[in-house]
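In: Here is a sequence with its predicted model. Questions after.
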Amino acid sequence: MGLCPIIFNLKRMDKILKIEEIGQFILSIVLFSLLNYHWWIFPLLILTPDVSMVGYLINTKIGALLYNIFHHKFIAIMVMLGGFISNVNIFILIGLIMFGHSAMDRIFGYGLKYTDSFKHTHLGWIGNNIK
(Lines give C-alpha, C1' and ligand atoms only; values in the text may rest on other atoms or scores of the structure.)
Protein backbone atom coordinates (compact mmCIF):
# COMPACT_ATOMS: atom_id res chain seq x y z
CA MET A 1 0.00 0.00 0.00
CA GLY A 2 2.78 2.44 0.84
CA LEU A 3 2.98 5.65 2.82
CA CYS A 4 1.65 8.12 0.22
CA PRO A 5 -2.00 6.97 0.30
CA ILE A 6 -1.98 7.36 4.09
CA ILE A 7 -0.40 10.83 4.00
CA PHE A 8 -2.70 12.15 1.28
CA ASN A 9 -5.90 10.68 2.71
CA LEU A 10 -7.02 13.72 4.69
CA LYS A 11 -9.94 11.76 6.12
CA ARG A 12 -7.33 9.96 8.23
CA MET A 13 -5.69 13.02 9.78
CA ASP A 14 -5.04 11.06 12.97
CA LYS A 15 -2.78 8.68 11.00
CA ILE A 16 -0.99 11.59 9.33
CA LEU A 17 -0.27 13.15 12.73
CA LYS A 18 0.96 9.85 14.16
CA ILE A 19 3.40 9.45 11.27
CA GLU A 20 4.66 12.98 11.91
CA GLU A 21 5.15 12.23 15.62
CA ILE A 22 6.93 8.95 14.86
CA GLY A 23 9.30 10.95 12.65
CA GLN A 24 9.95 13.42 15.46
CA PHE A 25 10.58 10.63 17.94
CA ILE A 26 13.05 9.01 15.53
CA LEU A 27 14.70 12.43 15.10
CA SER A 28 15.14 12.69 18.87
CA ILE A 29 16.88 9.29 18.92
CA VAL A 30 19.16 10.27 16.01
CA LEU A 31 20.05 13.60 17.65
CA PHE A 32 20.69 11.83 20.96
CA SER A 33 23.07 9.44 19.21
CA LEU A 34 25.16 12.47 18.19
CA LEU A 35 25.67 13.46 21.83
CA ASN A 36 28.41 12.04 24.00
CA TYR A 37 26.17 9.99 26.34
CA HIS A 38 25.83 6.24 26.82
CA TRP A 39 22.92 4.76 24.83
CA TRP A 40 21.07 3.68 28.00
CA ILE A 41 20.66 7.29 29.19
CA PHE A 42 17.93 7.91 26.60
CA PRO A 43 15.59 5.08 27.69
CA LEU A 44 16.41 5.82 31.34
CA LEU A 45 15.33 9.47 31.07
CA ILE A 46 12.59 9.33 28.42
CA LEU A 47 9.76 9.22 30.99
CA THR A 48 11.15 11.92 33.33
CA PRO A 49 8.95 14.73 31.91
CA ASP A 50 5.98 12.87 33.41
CA VAL A 51 7.21 13.90 36.87
CA SER A 52 5.42 17.16 36.03
CA MET A 53 2.13 15.37 36.72
CA VAL A 54 2.70 15.97 40.45
CA GLY A 55 0.96 19.31 39.90
CA TYR A 56 -2.30 17.39 39.63
CA LEU A 57 -1.95 16.57 43.32
CA ILE A 58 -2.64 20.28 43.94
CA ASN A 59 -5.38 20.85 41.34
CA THR A 60 -6.08 20.50 37.62
CA LYS A 61 -5.01 24.08 36.81
CA ILE A 62 -1.55 23.70 38.35
CA GLY A 63 -1.32 20.17 36.97
CA ALA A 64 -2.10 21.27 33.42
CA LEU A 65 0.33 24.21 33.66
CA LEU A 66 3.25 22.07 34.84
CA TYR A 67 2.42 19.24 32.46
CA ASN A 68 2.21 21.59 29.46
CA ILE A 69 5.51 23.30 30.31
CA PHE A 70 7.33 19.95 30.34
CA HIS A 71 5.49 18.60 27.28
CA HIS A 72 5.57 21.62 24.96
CA LYS A 73 7.85 21.05 21.98
CA PHE A 74 8.69 24.75 21.52
CA ILE A 75 9.97 24.93 25.10
CA ALA A 76 11.94 21.72 24.51
CA ILE A 77 13.49 23.16 21.35
CA MET A 78 14.37 26.42 23.13
CA VAL A 79 16.06 24.51 25.98
CA MET A 80 17.97 22.44 23.42
CA LEU A 81 18.91 25.53 21.40
CA GLY A 82 20.03 27.30 24.57
CA GLY A 83 22.28 24.34 25.27
CA PHE A 84 23.80 24.51 21.79
CA ILE A 85 24.34 28.28 21.98
CA SER A 86 25.86 28.17 25.47
CA ASN A 87 27.67 24.89 24.81
CA VAL A 88 26.06 23.30 27.89
CA ASN A 89 25.39 19.66 27.04
CA ILE A 90 22.99 19.01 29.92
CA PHE A 91 20.55 21.56 28.46
CA ILE A 92 20.82 19.89 25.07
CA LEU A 93 20.02 16.58 26.74
CA ILE A 94 17.10 17.98 28.76
CA GLY A 95 15.55 19.63 25.70
CA LEU A 96 16.06 16.52 23.61
CA ILE A 97 14.44 14.28 26.22
CA MET A 98 11.49 16.69 26.52
CA PHE A 99 11.10 16.78 22.72
CA GLY A 100 11.35 13.01 22.30
CA HIS A 101 9.00 12.35 25.20
CA SER A 102 6.40 14.77 23.84
CA ALA A 103 6.52 13.11 20.42
CA MET A 104 6.20 9.69 22.05
CA ASP A 105 3.21 10.83 24.11
CA ARG A 106 1.45 12.17 21.04
CA ILE A 107 1.99 8.91 19.17
CA PHE A 108 -0.22 7.33 21.83
CA GLY A 109 -2.77 10.16 21.83
CA TYR A 110 -1.63 12.10 24.89
CA GLY A 111 -1.59 15.82 24.18
CA LEU A 112 -1.25 19.10 26.01
CA LYS A 113 -3.78 19.41 28.82
CA TYR A 114 -6.76 21.67 29.35
CA THR A 115 -7.35 22.81 32.92
CA ASP A 116 -10.69 21.05 33.45
CA SER A 117 -9.45 17.45 33.40
CA PHE A 118 -6.25 15.45 32.98
CA LYS A 119 -8.00 13.46 30.27
CA HIS A 120 -8.95 16.56 28.22
CA THR A 121 -6.13 17.24 25.74
CA HIS A 122 -5.60 19.24 22.57
CA LEU A 123 -5.94 15.92 20.71
CA GLY A 124 -9.31 15.15 22.29
CA TRP A 125 -10.28 13.13 25.32
CA ILE A 126 -7.82 10.40 26.36
CA GLY A 127 -9.38 7.06 25.61
CA ASN A 128 -11.53 8.43 22.77
CA ASN A 129 -8.73 9.46 20.43
CA ILE A 130 -6.45 6.42 20.28
CA LYS A 131 -7.05 4.42 17.12
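Out: Yep, that arrived.
In: just the strands in the chain please.
Out: Remark: strands assigned in the chain by DSSP state E are 120-121, 124-125.
In: Pick the most buried one from those.
Out: Ranked by mean neighbour count under mean count of other C-beta atoms under 10 Å, those are led by strand 120-121, which reaches a mean of 19. To be clear about C-beta, it is placed using only N, CA and C from the backbone, and glycine gets the same treatment.
In: chain center to it: distance?
Out: 15 Å (C-alpha atoms, centre = their mean, to the nearest Å).
In: What average pLDDT does that strand get?
Out: Across strand 120-121, pLDDT averages out at 92.
In: and what of stretch 60-74?
Out: pLDDT averaged over stretch 60-74 gives 97.
In: hey, which helix is longest across this structure?
Out: Longest helix in the chain by number of residues (criterion: DSSP state H): helix 13-33.
In: Which positions within that one qualify as buried?
Out: 18, 21, 24-25, 28, 32 (16 or more other C-beta atoms under 10 Å).
In: how about the helices in this structure?
Out: Going by DSSP H, the chain shows helices at 4-8, 13-33, 41-45, 60-71, 73-86, 89-107.
In: Those helices: lowest mean pLDDT?
Out: Going by mean pLDDT, the lowest-scoring of those is helix 4-8, which has a mean of 59.
In: circling back: how about JSON lines for the buried residues of helix 13-33, with distance to residue 57 added?
Out: Shown next, in JSON lines, are the buried residues of helix 13-33 (distance: C-beta to C-beta, whole Å):
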{"residue": "18", "distance to residue 57": "31"}
{"residue": "21", "distance to residue 57": "28"}
{"residue": "24", "distance to residue 57": "30"}
{"residue": "25", "distance to residue 57": "28"}
{"residue": "28", "distance to residue 57": "28"}
{"residue": "32", "distance to residue 57": "31"}
